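Trainee: coords below, sequence missing:
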């Protein structure tokens, strides 16, 4: 290759960092306070202006498709379509973990220097996983939309960076105009994707919702059940997923992790841009959720469930390198109200196999971030800030479940599911916002009241 | 807390001290590496870096945010420009004007950076004479053409090519020496 030496040298030093000169920060502070006196201490988080709405729209479409998937799942499990439907999600999980296992190594090394080069591999991993997993078509479609979205975003970054250089106060850089037209082309492409997506999913949505209404009319007798559950979502980005289960006091609950799966799926996370990975690593621990729910049987087959959930989301962020960095520990507590519809595929006295789908709204009760700064190798100070997340967090979930009745009243159940968290527009980044697509496992105890 | 470039940018605009600290912590390592590659001398690097951060904190309003990566690109640009201005003002770029014709050079000696640790490469670049180093930096890391470098440093394009040729030869020599001893 022509000038290969140049590119080799460029690559070798692309992410190179050097220790800052001793006392630099102190000198900057002195100079700043001497000249302007503007180093005000602001301990609050200043809210961000509106985000890229296009992206939000695309994500909503993906989520709507997930919702459709749930509907399709229910549709397939109607008596005539009984065959194989009950094992759909279980199959998806089983095959998926195999696929992710074989591709896992490709997906979990984001710090490998060239972040842009990494993306195709991640897409590839998702592609293989999709090919193998027996996932409902609509979910597959949703993922591929999100994937395309990520790809277009990748394309867009390069021209944006080039344009930003032109905006720097240099007066001597010569930048060509070309990038702008590229950005326009990308914009048009994205728009057409969005349009296509909304048509396709809304048509199918109508199909399934009319069926659901039909059935609810025929509901007659009632049966109320209370349930206590715990769940963990296999979300997670960054370099590692660490689980923190100290929240669990209830001894009868067991948890399974599928970190490989969640890594493969974090490829659809549109925020994982290659450029920021070098400077910042975010580690979202697995969200922990406990809850209480009430189930109402509409008929032999159909039921409605609602309740109250508490979720704890913990994340750690490190930016910079050893000598100069900040470490943030973020804790967000959510209270949520779910609403799901379930359909029993097969049941006898001992077992009940069912599918369920629905949505949930969550409100952040408390969110805080503790940041410690290390400058020139010395820990400077630690600040704790209350974060404000006024926005509601909406999500949709589709699951398959199996319940084992221990007595006439009490049963234990396990529900593996797939969920999608909508972008709520908040500037507080959580496992929900960074890994909107997730696999989750809900385990609980159900008590039939009457 | 995940702090995106956009959040940093928004908060810097209001003079948020926490955001200034976060920006410093996040980028000082990369920027010091770039600055050292141009300025080389440790005391000078400190002066230039101080100027860089004061410029960033006081002139953030002149920057237009254009997506993730644009803030870092802007910081890098300011670092390179401030370093160049410093070298110019210190009279350390005058050597670039002494050009030798390179028309008769047939084969360049090319430095092969592969297998050499980054900190070694950085040290080698810092050991180059000011003129060679500046042209090498602009050519390799800023992707500038000789025409652009000539305009930036107020020299002839042939001078830029000649400086780069010498820089490459010296780098190649140092790399060969390093590989021989390691």
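Mentor: Right, received. Where do you want to start? In this text, all values refer to a predicted model and were calculated from it rather than measured experimentally.
Trainee: Was I right to think residue B:80 contacts residue B:38?
Mentor: Yes. Using Cβ atoms under 8 Å, residue B:80 is in contact with residue B:38, at 6.8 Å. Heads up, the C-betas are built off the backbone N, CA and C, glycines and all.
Trainee: And whichever strand or helix holds residue A:366, what does it pack against?
Mentor: Using DSSP states H and E, residue A:366 sits in strand A:351-375. Judged by 3 or more Cβ pairs under 8 Å, 6 or more residues apart in numbering or on different chains; DSSP states H and E, the packing partners of strand A:351-375 are helix A:53-76, strand A:302-321, strand A:324-347, strand A:378-386, strand A:393-405, strand A:410-421, helix B:17-39.
Trainee: and the third one with strand A:351-375, angle?
Mentor: Relative orientation of strand A:324-347 versus strand A:351-375 (axes from the mean of the first three to the mean of the last three Cα atoms, to 10 degrees): 180 degrees.
Trainee: For strand A:324-347, enumerate its sheet partners and note whether each is parallel or antiparallel.
Mentor: strand A:302-321 (antiparallel), strand A:351-375 (antiparallel) (DSSP bridges).
Trainee: Of those strands, which is nearest residue A:396?
Mentor: strand A:351-375 (4.8 Å; Cβ to Cβ).
Trainee: list residues touching both of residue B:80 and residue B:38?
Mentor: residue B:137 (Cβ atoms under 8 Å, 6 or more residues apart in numbering or on different chains).
Trainee: pull the helix or strand with minimum mean pLDDT from chain A.
Mentor: Ranking every helix and strand in chain A by mean pLDDT, DSSP states H and E puts helix A:259-265 at the bottom, with a mean of 28.
Trainee: Just give me the neighbour total for residue B:147.
Mentor: Residues within reach of residue B:147, counting by other Cβ atoms under 10 Å in any protein chain shown, total 12.
Trainee: Which pLDDT value goes with the residue nearest to it when sequence neighbours are not counted?
Mentor: Leaving aside its sequence neighbours, residue B:147 sits nearest to residue B:157 (Cβ to Cβ, 6 or more residues apart in numbering or on different chains; 5.2 Å). You'll see residue B:157 listed with a pLDDT of 88.
Trainee: Quick one: residues contacting residue B:157.
Mentor: B:146, B:147, B:149, B:150.
Trainee: let's go with 6 Å and repeat that
Mentor: B:146, B:147, B:150 (Cβ atoms under 6 Å, 6 or more residues apart in numbering or on different chains).
Trainee: between these, which is nearest chain A?
Mentor: The nearest member of the contacts of residue B:157 to chain A, counting by Cβ to the nearest Cβ, is residue B:147 at 9.1 Å.
Trainee: Now do the strand or helix carrying that closest one, average pLDDT.
Mentor: Assigned by DSSP H and E, residue B:147 belongs to helix B:146-153. Regarding helix B:146-153, the rounded mean pLDDT is 91.
Trainee: Any chance of the strands paired with strand A:324-347 in a markdown table with mean pLDDT and mean neighbour count as columns?
Mentor: As requested, the strands paired with strand A:324-347 are arranged in a markdown table below (pLDDT from 0 to 100; neighbours: other Cβ atoms under 10 Å in any protein chain shown):
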| stretch | mean pLDDT | mean neighbour count |
| --- | --- | --- |
| strand A:302-321 | 89 | 20 |
| strand A:351-375 | 91 | 19 |
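Trainee: would you turn those strands into TSV with distance to residue A:420?
Mentor: Converted to TSV, the strands paired with strand A:324-347 look like this (distance: least, Cβ to Cβ, whole Å):
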stretch	distance to residue A:420
strand A:302-321	15
strand A:351-375	10
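Trainee: Relative to residue B:116, which of those strands is closest?
Mentor: strand A:302-321 (20.4 Å).
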